[in-house]
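>>> Fold the following, please.
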Amino acid sequence: MAVGRKASVTQSKLGFLIYGEQFTGKSTLASQFVYFKRPDGKPFRVLYIDAESGSIDDYIEDFEKNGINPDNLYIVYTQSLGEVRELLDKIKNNEDFHTYDEYGEETDEIVLDSEGKPFRADAVVVDGATVLNLTVKQGLVEFSRKRNSVKAARNEIVGDARIVMVEGAGLELKDYQTINFKGQDLVLALQALGIHFAITAREADEKQQVTVEENGKKKVTSVPTGRKIPDGFKGMEYNVKTVIWTYTDEDGQICAEIKKDRTGVHKMQEIVEDPTILDWQSVIDRTSKRKSFVVSNNLQNAVNKESDIYEKEIAKSSLLNTPENEPEKTAKSNTKSPAPKNNADSVRKEIISIIKSLSPVDKQELKKDFISKGLPDTFSKVTDMEILNKVLEAAKQFVNKV
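Model prediction:
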């Protein structure tokens, strides 16, 4: 649902995306949240979600040497985006964290901070967006195989043809859309927590498509632009406040280029040698006395809202186009003839039945499919049977693909 407020200054929450190649200090920078101080002077409590399998373990000894109490750092190891979202929900709902047993199951033991109180995170680090992206893709590939297995069974495809169809299944366009959606929703979910956060990712070469001529024939190919971009969910950099690219210079020193910084601590494209995110402690100190405001919207909520509106529009169109509400076409008789079996109303009901059977995300995809085919996505004023039948056929084809 929409959220509004009067224009006024508010507390600033830090949101970093830190990316680069291996051994360029990404995890080091993100873990430096443990050195931050809350407005009351007490140390930050940091939830560190490690998808890189031990990226922070070697730093704990240094933390203790530098006066950091390890009880203010809670580390969870997972490569599952679903489990990451469950941890974020615990923060959002102000729930207790519980320790895990050797099988990865939560115990009854509550995680406590350095003061012996139930652990409540002031900052969260998601270390390894690249790994999370890979597991999401692989999960969708496995789902695609199941999807093709169902299609093969329905179409009675057997033998080698079935093996090729199932084992050769890959990501479809709608799968890539789902991946991008999950990545954007992750960043917005972090923002909605009302605490500080950092995401790390490996780097990748930015590529652009160019047309080249080979053996007298033109073809489109991808070539590197020379620019490094985050290797993870597409578009993560848009919704964070600060983007940092880490690299090693010619002398072997770790440096950072500030790609974006809405807080104003550093300038865009500024090069920082031996970087530290402690530069941003000043933002917390400067805004600590301001009111807190948290935007709790996320993409899934928005999709659900759009889906509800879409269903209401369809339901309304169904009611408005019943035979009782249709004007009489002739004045010769006041008696209404029985509605034919395949009239506009029955076709609409069949379309609505198909749409209601879909998930919110698939409903949105079907709506896009209608528009791409030049068909209406609402039916309140549609009486043309030819158009309605095309809509019905498009809906059936869509369901067969899901």
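
>>> hey, let's count contacts and neighbours off CA atoms from now on
Will do.

>>> Distance of A189 relative to I91?
A189 sits 11 Å away from I91, going by C-alpha to C-alpha, to the nearest Å.

>>> go on, F33?
17 Å.

>>> Compare those two (neighbour count), which wins?
F33 (27 against 23; other C-alpha atoms under 10 Å).

>>> Let me see the domain layout of the protein.
15-134+171-295, 300-325+339-401 (automatic domain parsing).

>>> Mind checking the pLDDT average for the shortest one?
Domain 300-325+339-401 shows a mean pLDDT of 71 in the predicted model.

>>> and T200, what does it touch?
T200 sits next to 17-19, 26-27, 30, 126-129 when contact means C-alpha atoms under 8 Å, 6 or more residues apart in numbering.

>>> Could you rerun that using 6 Å?
17-19, 127-128 (C-alpha atoms under 6 Å, 6 or more residues apart in numbering).

>>> Return the closest of those with respect to M236.
Of all the contacts of T200, M236 sits closest to L17, with 7.7 Å by C-alpha to C-alpha.

>>> Which helix or which strand is home to the closest one?
strand 15-20 (DSSP states H and E).

>>> What of V391?
Using DSSP H and E, V391 sits within helix 385-401.

>>> Can you list the buried residues in that helix?
Neighbour counts over helix 385-401 (16 or more other C-alpha atoms under 10 Å) mark 387-389, 391-392, 394-395, 398 as buried.

>>> And for stretch 131-142?
Buried, per 16+ other C-alpha under 10 Å, within stretch 131-142: 131-134, 136-137, 140-142.

>>> can you tell me which of these are in helices?
Members of the buried residues of stretch 131-142 lying in helices (criterion: DSSP state H): 131-134, 136-137, 140-142.

>>> so where do the strands sit in the chain?
Secondary structure of the chain (DSSP state E): strands at 15-20, 46-50, 73-77, 98-100, 106-110, 123-127, 196-214, 217-231, 242-248, 254-261, 271-273.

>>> ok so, going back, between the domains of the chain, which gets nearest to K151?
That would be domain 300-325+339-401 among the domains of the chain, by C-alpha to C-alpha, at 8.0 Å.

>>> tally of neighbours for K42?
K42: 9 neighbours (other C-alpha under 10 Å).

>>> What confidence value was assigned to it?
95.

>>> how many other residues sit next to T221?
11.

>>> quick one: it from D384, how far?
From T221 to D384 the distance is 45 Å (C-alpha to C-alpha).

>>> which of the ones in helices among the buried residues of stretch 131-142 lies closest to F370?
Closest to F370, out of all of those and judged by C-alpha to C-alpha, is L140, at 24.3 Å.

>>> show me the contacts for the closest one.
Contacts of L140 (C-alpha under 6 Å, 6+ apart): none.

>>> what's the weakest-modelled helix or strand in this structure?
When the helices and strands of the chain are compared on mean pLDDT, DSSP states H and E, helix 299-320 comes out lowest with a mean of 57.

>>> neighbours around the nearest residue to K37 once chain neighbours are set aside, how many?
Using C-alpha to C-alpha, 6 or more residues apart in numbering and skipping the chain neighbours, the partner closest in space to K37 is P43 (4.6 Å). Using other C-alpha under 10 Å, P43 has 18 other residues around it.

>>> now do the one 4 residues further on
By other C-alpha under 10 Å, the residues close to L47 number 26.

>>> For D40, see how far away it is.
19 Å.

>>> before we move on, what about M385?
Distance from M385 to D40, by C-alpha to C-alpha: 69 Å.

>>> do the same with D231
D231 is 37 Å from D40, by C-alpha to C-alpha.

>>> Repeat that for G232.
For G232, the distance to D40 (C-alpha to C-alpha) stands at 36 Å.

>>> Look at these two and report which has more neighbours.
Using other C-alpha under 10 Å as the criterion, G232 and D40 rank with G232 on top: 23 against 8.

>>> Name the nearest residue to that one, ignoring sequence neighbours.
The nearest residue in space to G232 (C-alpha to C-alpha, 6+ apart) is T130, at 4.3 Å.

>>> For the one you found, grab the count of nearby residues.
Neighbourhood size, T130 [other C-alpha under 10 Å]: 22.

>>> Tell me the confidence at it?
For T130, the predicted pLDDT is 95.

>>> which ones are touching it?
By C-alpha under 6 Å, 6+ apart, the residues touching T130 are 201, 231-232.

>>> where does the chain have low pLDDT?
Across the chain, the ranges flagged by pLDDT under 70 are 1-10, 164, 166, 168-169, 173, 290-342, 359-361, 379-381, 402.

>>> now the ones in helices among the buried residues of stretch 131-142 in JSON lines, with distance to I244?
What follows is those, written out as JSON lines (distance: C-alpha to C-alpha, whole Å):
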{"residue": "V131", "distance to I244": "19"}
{"residue": "L132", "distance to I244": "19"}
{"residue": "N133", "distance to I244": "19"}
{"residue": "L134", "distance to I244": "22"}
{"residue": "V136", "distance to I244": "24"}
{"residue": "K137", "distance to I244": "25"}
{"residue": "L140", "distance to I244": "30"}
{"residue": "V141", "distance to I244": "31"}
{"residue": "E142", "distance to I244": "34"}
